[in-house]
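Trainee: the amino acid sequence is not available; the structure is as follows:
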Ligand SMILES: [Zn+2]
């Protein structure tokens, strides 16, 4: 009886006023890995080679298979703490409970439209907590910047037509906000629509150093951030379990009750 009561209480949160289960929406937040996949200047692009695609002569059976080669940091991918921290956790060592968590979507689209190098500040993080009534603890923070719409325009996405890391211009998390997060909250990960979760041109990567240095993972080139609500979505973040690696291609899926659909959502 007690178990039934607990089950009803848990499931009850997912039902509407008529008692019907709330319909949920699923959003694929990863880009496809192919020859259009964008990557940070200096990293090896994603390449795929068809090994077999046809009927085997000896037995008439159809077979398709491929080989690929790539940096571990292309397209939608995870940065493990080891990326910028000597002795930090590698992809295969990150505890899996940190891969399924609520999304906290920090919307800085308006200021990113005015300034390509705009940064999400402590005020933006506190604003999210104040308007949602939620805590950032144990969430995956996603920066919403409008950059996803630029994915098919490399120059606009990079902020430069050149393949030069010193000339990048896109928004990110402010170094002060990264410090505030590690001192005041316990987040699992930080994600961004852009190539990097700190603004374009940097030589010292202070935000990477601070967050990865505290065991927080990063997610870069996250797709469809504008298709999920600013709170109420749960993320399933599934990096390829590459042994001893600092990064890995990652499939990210969001699910949320359909009543939380963002007004701007087109699907
Ligand atoms: Zn990376």
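Mentor: Thanks, I have it. Just so it is clear, the model here is predicted, and its values are computed rather than measured.

Trainee: got the residues of the stretch 1-150 of the chain near the ion?
Mentor: By C-beta under 5 Å from the ion, the residues of the stretch 1-150 of the chain that approach the ion are 73, 79. Using the backbone N, CA and C atoms, a C-beta is placed for each residue, glycine as well.

Trainee: pLDDT weak spots in the stretch 1-150 of the chain?
Mentor: Scanning the stretch 1-150 of the chain for pLDDT under 70 picks out 1-14.

Trainee: quick one: the strands in it?
Mentor: 24-28, 47-55, 62-69, 77-79, 100-107, 119-120, 140-144 (DSSP state E, counting those that start in this stretch).

Trainee: which of those strands sits most buried?
Mentor: Highest mean neighbour count among these (mean count of other C-beta atoms under 10 Å): strand 77-79, with a mean of 28.

Trainee: counting contacts, what elements does it pack onto?
Mentor: strand 217-220, strand 234-239, strand 247-257 (3 or more C-beta pairs under 8 Å, 6 or more residues apart in numbering; DSSP states H and E).

Trainee: one more pass at 6 Å, please.
Mentor: strand 217-220, strand 247-257 (3 or more C-beta pairs under 6 Å, 6 or more residues apart in numbering; DSSP states H and E).

Trainee: could you list the buried residues of the longest one?
Mentor: Spelled out, that is strand 247-257. 247, 248, 249, 250, 252, 253, 254, 256, 257 (16 or more other C-beta atoms under 10 Å).

Trainee: tell me the bridge partners for the first one.
Mentor: I take that to be residue 247. residue 79 (DSSP bridges).

Trainee: would you confirm that it contacts residue 70?
Mentor: No: Residue 247 is not in contact with residue 70 according to C-beta atoms under 6 Å; the separation is 10.3 Å.

Trainee: residues near residue 235, how many?
Mentor: By other C-beta atoms under 10 Å, 27 other residues sit near residue 235.

Trainee: does it touch residue 255 like I think?
Mentor: No: using C-beta under 6 Å, residue 235 makes no contact with residue 255, being 8.4 Å away.

Trainee: what's in contact with stretch 29-37?
Mentor: 46, 74, 75, 76, 222, 223, 224, 249, 251, 252, 254 (C-beta atoms under 6 Å, 6 or more residues apart in numbering).

Trainee: and the third one, what does it touch?
Mentor: Contact partners of residue 75, counting by C-beta under 6 Å, 6+ apart, are 31, 33, 37, 221.

Trainee: how about 7 Å then?
Mentor: Residue 75 is in contact with 31, 33, 37, 38, 39, 46, 221, 249, counting by C-beta atoms under 7 Å, 6 or more residues apart in numbering.

Trainee: mind giving me the PyMOL command for buried ones among the residues you listed?
Mentor: Buried members of the contacts of residue 75, defined by 16+ other C-beta under 10 Å, are picked up in PyMOL with:
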select buried, resi 31+33+37+38+39+46+221+249
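
Trainee: ok, which pair from the contacts of residue 75 is furthest apart?
Mentor: Across these, no pair lies farther apart than 38 and 249, at 12.9 Å, counting by C-beta to C-beta.

Trainee: first vs last residue of stretch 241-254, how far apart are they?
Mentor: End-to-end distance for stretch 241-254, by C-alpha to C-alpha, to the nearest Å: 20 Å.

Trainee: meant to ask about stretch 158-178, not that
Mentor: End-to-end distance for stretch 158-178, by C-alpha to C-alpha: 22 Å.

Trainee: over to stretch 43-62?
Mentor: Span of stretch 43-62 from end to end, C-alpha to C-alpha: 35 Å.

Trainee: for the ion, give me its nearest residue in the stretch 1-150 of the chain.
Mentor: residue 73 (3.6 Å; C-beta to the ion).

Trainee: neighbours of that residue, how many?
Mentor: Using other C-beta under 10 Å, residue 73 has 24 neighbouring residues.
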